[in-house]
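**Q** Sequence and predicted structure below; questions after.
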Amino acid sequence: MLALNNLIQNEMMKLLAKKRLVIIGIIVGILVLMFTYAQFKQVEEQQKKLGTVDWRAALQQQIIDTQNRLSSNRMLDEWREQLEVGLKQQQYYLDNDINPSEPGAATFTRMFLENAIDLFIPLLIMIVASDLVSSENSQGTIKLLLTRPVKRWKILMSKYVTLLLSVSIIVAMTALLSYLLSGLVFGYQGWAAPVITGFELNGSDVDVSQVRLVEQWKFLMMDLGLVWLVAVVIGTLSFMLSVLVRSTPAGMGIMLAALISGAILNNMVSSWESAKYFFMVNLKLTTYISGSAPPIEGMTLLSSVITLLVWWLLALIVSFTAFTRKDVY
Amino acid sequence: MKQVTLSVKDLKKKIGDREIIKGIDFELKEGEVFGFLGPNGAGKTTTIRMLVGLIKPSSGSIKICGYDVRKDFTKAMQHMGCIVENPELYPFLSGWDNLLHFARMLPNVGKQRITEVVELVGLQARIHDKVKTYSLGMRQRLGIAQAMLNSPKLLILDEPTNGLDPAGIREMRQFIRKLAEEEGMSVLVSSHLLGEIQQLCDRVAIIKSGEIIQTDTVESLLATQERILWRVEPLQKGVEILGGFTEVIVDQTYIITAYDELETPEWNAALNRAGVKVHEMNRKLPGLEELFLQVTGGGGAGIE
């Protein structure tokens, strides 16, 4: 019996030779620098406008802005709901004298991850996942792989383990790079800053009875866990497409279309309830712990995680069945 | 008795309702170079892909050194090395890393064996360069090296000389003969290049529309199609006399008939008796090419 780790070693060798992880690192680096600069500019602008560095004044100003927007009656219901929820949370932060965006690299990293979870991270994962199998097809090397004295499922398993490893590396790298690079501007503090979690939403009512304070590093760990979960699910789905579709661009295109449609649906499906079973409207897991309204009423962290896991499992089953059975021409 | 390294029995492949391979049988013995000859679309590639486990046959059995490819896949594959179509290797890895990659997929193949196969194909000088910088001939050699890693009993080469220059083709031919004669390896070679097969193979199977039409040694295949060319005077009378014995074809000043060990001298005597002068009797072995066109009915495989 041949050990699986030999095969995984092979896959890692190919992955590293293709320099995919380096490219991903560069993309993340550039984006983090851009956002850091944007954030820096925004803070500067706000301070100029308000004439103070006090975050309370800034928050107060945000609350007033939101109220003004709410008083306009030409607004979609679901937008109004979201804003109302946001408003109540901002008020809660202000009442309890907690800065929701404590300056520092830790806060930046948290914000960055929360915003990257449904599109940016999945895109990075796709760079690796979508050609893991289909590139062997297009190079023709699949014929060599499958004529070795190794069972087909083992070959695919080694590729899947490699995918899990690279997903973990990518998530860790994204977090690390955004901490290190943004820290240059904002400073490396903020690990212990309090973050509020546990807002319960019933329609537009915010239930604050479960609210508690969590140190930011703990919150960041939770965020990272959720980002990792989403990344694994997206990775597995791209992996399945890579098995099913011979051409890498086609597989990537399908996945991209799904992700973008998810981003669009998120803004408009509140009345289409069964859309909550699509994986792509369930990607913003971090919003559940930071407490903004889900795209469809009745969605919870648990329901979203279960939906994603079902998709994950199906993708895995399809991948292995197709790969072990198909004829290679 | 030499060991049978590959035995194929009643191999069939259906796609939908269409039977592409309609029951193929053959055997390969140790030290034998076996040619698989057929026009494009005859089913050579499909058959070879079934042999190496890439395509699942609809029915029939394939045994490599006694191990069934479907039931005992890993054991069967340990005794086989193959290049299916072009030797596609990872262009972004060095030749050495490619070999390392495939060695890791085999039991008990270490660095020492890699060094051996590199020497065998003579790639020492460039082995640490990236494969994308290799010429086609070098890739072909690396492909062979890769197929030799597990010291196989059976080597399957699909169109091994595709894209090689004449020197490369000759080198490849010598290399394959050496493997068969010195190492006792069985080699299955598929090709549509007839001259290639004629010079390289001990036995040939001619395949057309998913069936083997003929299997035999190259010599006896050709012998059945042997012709004799006559130059006689007067031509017309010669045609009449020879036409009485067998089918004749008149080609300018020559009469062409089949060659028959026993009959031909009699025909000659008959010509002499009738006073026809026989200037020339020329036995002619057809090229494999003519034979091939005859048995496959010319052209490619018709699209059914």
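**A** Right, received. Where do you want to start?
**Q** Tell me the confidence at the residue in chain A positioned nearest to chain B?
**A** Among residues of chain A, the one nearest chain B by Cβ to the nearest Cβ turns out to be residue A:140. It sits 3.4 Å away. Heads up, the C-betas are built off the backbone N, CA and C, glycines and all. Residue A:140 is assigned a pLDDT of 88 by the prediction.
**Q** can you tell me how far it sits from residue A:18?
**A** Between residue A:140 and residue A:18 the distance, using Cβ to Cβ, to the nearest Å, works out to 16 Å.
**Q** cool, and residue A:12?
**A** Relative to residue A:18, residue A:12 is positioned 11 Å away (criterion: Cβ to Cβ).
**Q** Poorly predicted segments of the chain, please.
**A** If you meant another chain, say so; for now it's chain A. A:1-2, A:78, A:201-205, A:269-270, A:293 (pLDDT under 70).
**Q** not what I meant, chain B
**A** Ranges of chain B meeting pLDDT under 70: B:1, B:286-289, B:297-304.
**Q** In it, which residue sits nearest chain A?
**A** Residue nearest to chain A within chain B: residue B:88 (3.4 Å; Cβ to the nearest Cβ).
**Q** Got the phi and psi for the residue nearest to the spatial centre of chain A?
**A** With distances taken as Cα atoms, centre = their mean, chain A has residue A:117 as the residue nearest its mean C-alpha position (1.4 Å). Backbone dihedrals for residue A:117, given as degrees, to the nearest 10, come out at phi -60, psi -30.
**Q** if I pick the closest residue to residue A:215 other than its chain neighbours, what's in contact with it?
**A** If you skip the residues right next to it in sequence, residue A:215 has residue A:192 as its closest partner in space, 5.3 Å away by Cβ to Cβ, 6 or more residues apart in numbering or on different chains. Residue A:192 sits next to A:215-217 when contact means Cβ atoms under 8 Å, 6 or more residues apart in numbering or on different chains.
**Q** What about those, which one has the most neighbours?
**A** Neighbour counts for those, by other Cβ atoms under 10 Å in any protein chain shown, peak at residue A:216, which reaches 21 neighbours.
**Q** Run through the strands of chain B in chain order.
**A** Counting by DSSP state E, chain B has strands at residues B:4-15, B:18-29, B:33-37, B:59-64, B:67-68, B:80-83, B:154-158, B:186-191, B:203-208, B:211-217, B:227-233, B:249-251, B:254-258, B:277-284.
**Q** follow-up on the earlier one: show me the contacts of residue A:192 that map onto helices.
**A** In helices, judged by DSSP state H, the following of the contacts of residue A:192 are found: A:216-217.
**Q** Serialize the contacts of residue A:192 to JSON lines and add fields for distance to residue B:41.
**A** Compiled in JSON lines, the contacts of residue A:192 are given as follows (distance: Cβ to Cβ, whole Å):
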{"residue": "A:215", "distance to residue B:41": "70"}
{"residue": "A:216", "distance to residue B:41": "67"}
{"residue": "A:217", "distance to residue B:41": "66"}
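**Q** circling back to that earlier point, these two touch, right, the residue nearest to the centre of chain A and residue A:289?
**A** No. No contact is recorded between residue A:117 and residue A:289 when judged using Cβ atoms under 8 Å, the distance being 11.4 Å.
**Q** and for these two, which residues touch both?
**A** Once Cβ under 8 Å, 6+ apart is applied, the residues that residue A:117 and residue A:289 both contact turn out to be residue A:226.
**Q** what sits against residue B:216?
**A** With contact taken as Cβ under 8 Å, 6+ apart, residue B:216 is in contact with B:203-204.
**Q** Around residue A:323, how many other residues sit close by?
**A** By the criterion of other Cβ under 10 Å, residue A:323 has 21 neighbours.
**Q** Three-state assignment for it, please.
**A** Applying DSSP: H, G, I helix; E, B strand; the rest coil to residue A:323 yields a three-state assignment of helix.
**Q** Would you confirm that it contacts residue A:152?
**A** Yes. Using Cβ under 8 Å, residue A:323 is in contact with residue A:152, at 6.1 Å.
**Q** Can you name the residues bridging to residue B:191?
**A** Partner residues in beta bridges with residue B:191: residue B:37, with DSSP bridges as the criterion.
**Q** Spell out which residues sit in contact with it, please.
**A** Taking Cβ under 8 Å, 6+ apart as the contact definition, residue B:191 lies against B:35-37, B:159-161, B:197.
**Q** repeat that for 10 Å
**A** Applying Cβ atoms under 10 Å, 6 or more residues apart in numbering or on different chains to residue B:191 gives the contacts B:35-38, B:44, B:157-162, B:197, B:200-201.
**Q** Same question for residue B:119.
**A** With contacts taken as Cβ under 10 Å, 6+ apart, residue B:119 has the following neighbours: B:127, B:145.
**Q** From residue B:268, how far out is it?
**A** From residue B:119 over to residue B:268 the distance is 58 Å, taken as Cβ to Cβ.
**Q** hmm, back to that, torsion angles phi and psi at the residue of chain B closest to chain A?
**A** Per degrees, to the nearest 10, the residue geometry at residue B:88, taken as phi and psi, is phi -90, psi 110.
**Q** State the number of residues packed around it.
**A** Residue B:88: 19 surrounding residues under other Cβ under 10 Å.
**Q** between the contacts of residue B:191, which is nearest residue A:107?
**A** Nearest to residue A:107, judged by Cβ to Cβ, of the contacts of residue B:191 is residue B:158 at 60.4 Å.
**Q** re earlier: right, so of the strands of chain B, which gets closest to residue A:5?
**A** Distances from residue A:5 to each of the strands of chain B were compared using Cβ to Cβ; the shortest belongs to strand B:80-83, at 24.1 Å.
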